[in-house]
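Novice: Sequence first, predicted coordinates after that:
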4 protein chains.
Amino acid sequence: MNSEINRRGFASDNNAGVHPEIFQELMAVNKGHALGYGADVYTGAAQALFKECFGDQTETYFVFTGTAANVLGLSAVTRSWNSVITASTAHLEQDECGAAEKFAGCKVLTCDTDDGKISPEQIETHLHGFDFEHHSQPKVVSITQASEMGTVYTASEIKIISEFVHSKGLLLHMDGARIANAAVSLGLPFKDFTTDSGVDILSFGGTKNGMMFGEAICFLKPVFTGDFKYLRKQGMQLASKMRFISAQYTAYFRNDLWKRCAEHSNRMASVFAGQLSQFSEIRITQKVESNGIFVIMPEAVARKMKDHYFFYPWNERISEYRLMTSWDTSGADIEGFISLLRKELAV
Amino acid sequence: MNSEINRRGFASDNNAGVHPEIFQELMAVNKGHALGYGADVYTGAAQALFKECFGDQTETYFVFTGTAANVLGLSAVTRSWNSVITASTAHLEQDECGAAEKFAGCKVLTCDTDDGKISPEQIETHLHGFDFEHHSQPKVVSITQASEMGTVYTASEIKIISEFVHSKGLLLHMDGARIANAAVSLGLPFKDFTTDSGVDILSFGGTKNGMMFGEAICFLKPVFTGDFKYLRKQGMQLASKMRFISAQYTAYFRNDLWKRCAEHSNRMASVFAGQLSQFSEIRITQKVESNGIFVIMPEAVARKMKDHYFFYPWNERISEYRLMTSWDTSGADIEGFISLLRKELAV
Amino acid sequence: MNSEINRRGFASDNNAGVHPEIFQELMAVNKGHALGYGADVYTGAAQALFKECFGDQTETYFVFTGTAANVLGLSAVTRSWNSVITASTAHLEQDECGAAEKFAGCKVLTCDTDDGKISPEQIETHLHGFDFEHHSQPKVVSITQASEMGTVYTASEIKIISEFVHSKGLLLHMDGARIANAAVSLGLPFKDFTTDSGVDILSFGGTKNGMMFGEAICFLKPVFTGDFKYLRKQGMQLASKMRFISAQYTAYFRNDLWKRCAEHSNRMASVFAGQLSQFSEIRITQKVESNGIFVIMPEAVARKMKDHYFFYPWNERISEYRLMTSWDTSGADIEGFISLLRKELAV
Amino acid sequence: MNSEINRRGFASDNNAGVHPEIFQELMAVNKGHALGYGADVYTGAAQALFKECFGDQTETYFVFTGTAANVLGLSAVTRSWNSVITASTAHLEQDECGAAEKFAGCKVLTCDTDDGKISPEQIETHLHGFDFEHHSQPKVVSITQASEMGTVYTASEIKIISEFVHSKGLLLHMDGARIANAAVSLGLPFKDFTTDSGVDILSFGGTKNGMMFGEAICFLKPVFTGDFKYLRKQGMQLASKMRFISAQYTAYFRNDLWKRCAEHSNRMASVFAGQLSQFSEIRITQKVESNGIFVIMPEAVARKMKDHYFFYPWNERISEYRLMTSWDTSGADIEGFISLLRKELAV
């Protein structure tokens, strides 16, 4: 069991721990009393940083999980008779156990995608039945940046989507669980490919990039904020000792910690992919644009590798696996994996 | 603003920070990689401590908030056509913004109470309409220990309630947001007044007694566990870096940290109440059995006091206020309050 | 079994059948084709009658059941974090199996009442916690006219309630499952004690007063209508052959059929109560203001009576029973009941 | 407007009125008193007819709409974390405004289909993530018989699906809004292609084939019945004067009324399709196996035709239209349409 504790791997960027600078900030704010539920000064300060980053209209609410950020953000701008359109690979569709349907009461409609990204043409196939009471009314499109397949929308792709979406009277939501990795990949400030590209609501993640817990829902436009506090509370997402989420975000923005972490994990993914591409038995199936690498490898080899490194199958039918790097992935992690892989492939 | 940061008070036990021993444990587990979502060894270890504490049948699931612990625990054993019976003062009724109704779809029925506790006689008034499809079917009784009024049920009171509740085919849920304060007050191990007194499901709090975040849902009897993991995930309460909740509970049980913290806050409440009772203008309205003190004081005086110490009105019509002590309440906090109060009353 | 088919009684006004004039209208509209879902001319015509009756702003939507009328009408003007305030005896609270909680997600708060009516003073006890995200936000007050206890609010009582409710920023809903009986009791046009007395949303019943099925939700003020069609459809209440609800309402308003039916049942209740009051063993517990009579009678006698006439216990602890008259209650029904009762009491 | 009243068409089988034999039965049961909410003898008698038809284990519950039959039937066997798999064309997916998501809280997953039918291979693409708490758990497959495209599953196709579905631990639901048309098309008793082919839950429609209102939920296997009454009530679908649904079903089964109606409408569809196929400008896009005909015709022609006959576009992009026949479609309806069409095409 003990060896398990220390076994490293590429299972997910949330298998990594908390960055020391985050930890220091948690300690720094752990002094004396602070009002609960976000009425403390640390929370106001963190919210101000979001305004700096995303624009003055930005209203930010902290919650605990990425699922909550997505579901509550979408709930804020929908009624139960609406539908939400997203990629077939989206976390919202595949990995949230139907939380959007349960909590928002909405229908989730999907666009098939190979690379995790969707286009206006695909979205349009769901845009019918407007004003027809028998049909769920399309209201929000949700895109993921970086996508679940590690790919990244360019700012101009996002702008094209948002213009299309707005022209149809819908809103654009971005699931930014890995938005830092996308920003680094694009070499752009957050604002360029969110607020300035027409995103209305953003789930801004932190946990996968060095934080302990806590996600942010950012209303970039004044589409809905007044009553959101009730939705968050009723959604069981109001933190009593809120300062311990806020402080993490403060540290996350200070000296671009988010950037340093994401640059590291993206670079490690790039290095890792380079190493993997030397093997003819391995096929990389997606562009490596952030911190995820998708590979097809012989199943027997994968089985052996998993005795030493944690990682998950993505598509078992074709023996496809996902390898995620994180802010703490080391060169040794990659070298160890590659050298073991070389050995196993040689067998 | 700065002085605000440091202003201490008696607003709530969640205004206090994180106990150093908890913090140390958080740092201790922040090493290397750990599987996400509770598949790590720290979580298994913490769950084992709950079995030790509450009995072998205990199945424990960690969530983020007390509201989530209550709502998901109740959701686990109800269907939407059931009703839940609780005190009119219960957190579930007053302070969760209707989360139980929204998520479980259930009706919440209340028993009027002055001291936060309810009796079988009161519960019985809601036990009718069984098998009658027009009427929500009573399914769970929820009691709060210690209650929102700072009072504490004795083990025998709980046993009488549980026997009554079970005889009617219902289950007994306990909201234990302040269960440590109750245990200290009763001088009993947790198990005596929970599992052994017939409680079926327990929300075991930690945040109000020195933790940073995280609450536990304990199924003390095998009433429902198999599918609970889906409910927690769909309820947006599955922590990705779960080790950072688990570790806190491990520290909380180690060397009876929970007990030391609760003993302190209860003792401070007792001392505080003793001091307050010297003033003829102040009336203590509830038995001080844990860490809450309810007082009626002149409104003008209260207003002045609130400029220096945070605390909340309870019943504005009668100028009643709530003063909560916490694991970090100091003698100086109390002395300061009392001396200012003396001054204000003398005016 | 056959005798059961014909056994008459006072169980409920919905045990009576369909009035012949309603039936004739159903046959009259059963000609050729009509567009489904309310796009037919019969529906437009019936909606116009509601405007005549309740004022030009009235928007009317037909649904199937009284529960649906209440729940969807309330859902239209609430979000899940709101609360609805009503009498402890209300159908909404006692007899809808928690449909409001399930569908609207709201909390239902009750005012204790002996006679089925509530007052501003009682409503006010629930009006706190505004703007406090921990607390469900009060949004609608629902009163029942005639009440479940057969009592009737005067127009001026309703006006006082609506003014109070509006002054607090809430809306007033009326459950009018037996509104015809109330109108007859008051000797007033519907509009006087609804639209003109400040009611915002009305469930206008018909089934209990001679219709086959179908209820109407009337938005008397433009509080919400634009999107209501989606709510009705998603609420599974959109009738495909809508003309067969609409036609019933057309017949119901024609030549004041509603009035003739309600006058009859109210008069029968009055006669019945007069007869019952001759027995010293029987105590009438509520004012007989519409078509319900509440009586305490010896349990053994009630048991015998129930072998011959259907009726329901109201409060078994005190041997209280409810006797409802309907549009088809005959003098013979009452005489038969009274003469049997005389016999049983003499035993 | 008056001409509108009488304008006939092929818009939907629910544009037709009520069959005279149904009407007679409604009148026949409109005598004296009957207990409400299904406790009457007529309801028991109708339920017994369902047992005769579908087997002794069949438990039948009446509701108002087809949407309610689907949603409540599915709700009975799912929890909110489950998913339901159906055709992309299913009523459940396209035409119920998200009622399943709202009420059951479930995720609805779809299989793309051209002809309204789905196969085990398509279903299988959704069967993954079992026991994985992040993923909605597949629980029910829903097929439509006859399908929305007018096609019909053979008994052996259904058996193959049910065996597959059961082998994976799921249940099979059939939306039988047009089941009578399917039975006639197959020339089989209902039981052969439902109970005996492995269907677990059936929405048995009547409104589209001559009834006034009312649908039946049949639990063909004892998968769930005990508590269903609460679900129906909370779902706002419990009819107070239930005898008026039950009686319709009694008439519907008597002397095979359902069969006579469906035979007629199927025959009319066949005749109609035969006539339409003479025009080279018209293309029939689906097999005509029940009472629906799907045709591509020149848009300008369709526009003209719609001035005289009601019918709906199906796929506007390709100028595809749906023509439905019903129990009252006459030879003259078809001749009139065809002759007008001939004229318009000649222009």
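Specialist: Perfect, I can see it now.
Novice: My understanding was that A:Ser80 contacts C:Lys233; is that so?
Specialist: No: using CB atoms under 8 Å, A:Ser80 is not in contact with C:Lys233, being 11.0 Å away. Placement of C-beta: from N, CA and C, glycine included.
Novice: longest helix of chain A?
Specialist: helix A:257-276 (DSSP state H).
Novice: Extract the C-alpha trace of whichever strand or helix holds A:Glu121 and format it as PDB.
Specialist: Element membership for A:Glu121 (DSSP states H and E) is helix A:120-124. The C-alpha trace of helix A:120-124 is given here as PDB (Å, rounded to 0.1, in the frame of the first residue of the first chain):
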ATOM      1  CA  PRO A 120     -21.100  26.800 -35.700                       C
ATOM      2  CA  GLU A 121     -22.200  24.400 -38.400                       C
ATOM      3  CA  GLN A 122     -22.500  21.600 -35.800                       C
ATOM      4  CA  ILE A 123     -24.200  23.900 -33.300                       C
ATOM      5  CA  GLU A 124     -26.700  24.900 -36.000                       C
END
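Novice: Can you mark which positions in that helix are buried?
Specialist: Residues A:120, A:122-123 are the ones in helix A:120-124 that count as buried (16 or more other CB atoms under 10 Å in any protein chain shown).
Novice: Please apply the same query to stretch A:122-138.
Specialist: A:122-123, A:126-127, A:129, A:133-138.
Novice: So it, near chain D or not?
Specialist: Yes: remark: stretch A:122-138 sits within contact range of chain D at A:129, A:133-136, by CB under 8 Å from any CB of the partner chain.
Novice: related to what we said a few turns ago, counting by contacts, list what the longest helix of chain A packs against.
Specialist: Where contact means 3 or more CB pairs under 8 Å, 6 or more residues apart in numbering or on different chains; DSSP states H and E, helix A:257-276 is packed against helix A:179-186, strand A:292-296, helix A:331-346.
Novice: Do the first one and chain B come into contact?
Specialist: No: counting by CB under 8 Å from any CB, chain B has no neighbours in helix A:179-186; the shortest distance is 15.7 Å.
Novice: how far is that helix from where the chain is centred?
Specialist: Offset of helix A:179-186 from its chain centre (CA atoms, centre = their mean, to the nearest Å): 11 Å.
Novice: what mean pLDDT does that helix have?
Specialist: What helix A:179-186 shows for mean pLDDT is 98.
Novice: touching chain B at all, the helix or strand following it?
Specialist: Counting by DSSP H and E, the next helix or strand C-terminal to helix A:179-186 is strand A:201-204. No: no part of strand A:201-204 sits near chain B under the criterion CB under 8 Å from any CB; the closest distance found is 12.0 Å.
Novice: quick one: contacts of strand A:201-204?
Specialist: A:50, A:54, A:60, A:66, A:69-70, A:73-74, A:76-77, A:140, A:171-177, A:179, A:194, A:215-220, A:223 (CB atoms under 8 Å, 6 or more residues apart in numbering or on different chains).
Novice: Keep these, but drop any that are not near chain D.
Specialist: Checking these against chain D (CB under 8 Å from any CB), there are no matches.
Novice: can you tell me which of those residues are in helices?
Specialist: Counting by DSSP H, the contacts of strand A:201-204 place A:50, A:54, A:66, A:69-70, A:73-74, A:76, A:179 in helices.
Novice: same for chain C: which of the residues you listed are within range?
Specialist: Answer for those near chain C: none qualify (CB under 8 Å from any CB).
Novice: how many other residues sit next to the residue in the stretch 1-150 of chain A positioned nearest to chain C?
Specialist: At 3.7 Å from chain C, A:Trp81 is the closest residue in the stretch 1-150 of chain A, using CB to the nearest CB. Close neighbours of A:Trp81, defined as other CB atoms under 10 Å in any protein chain shown, add up to 26.
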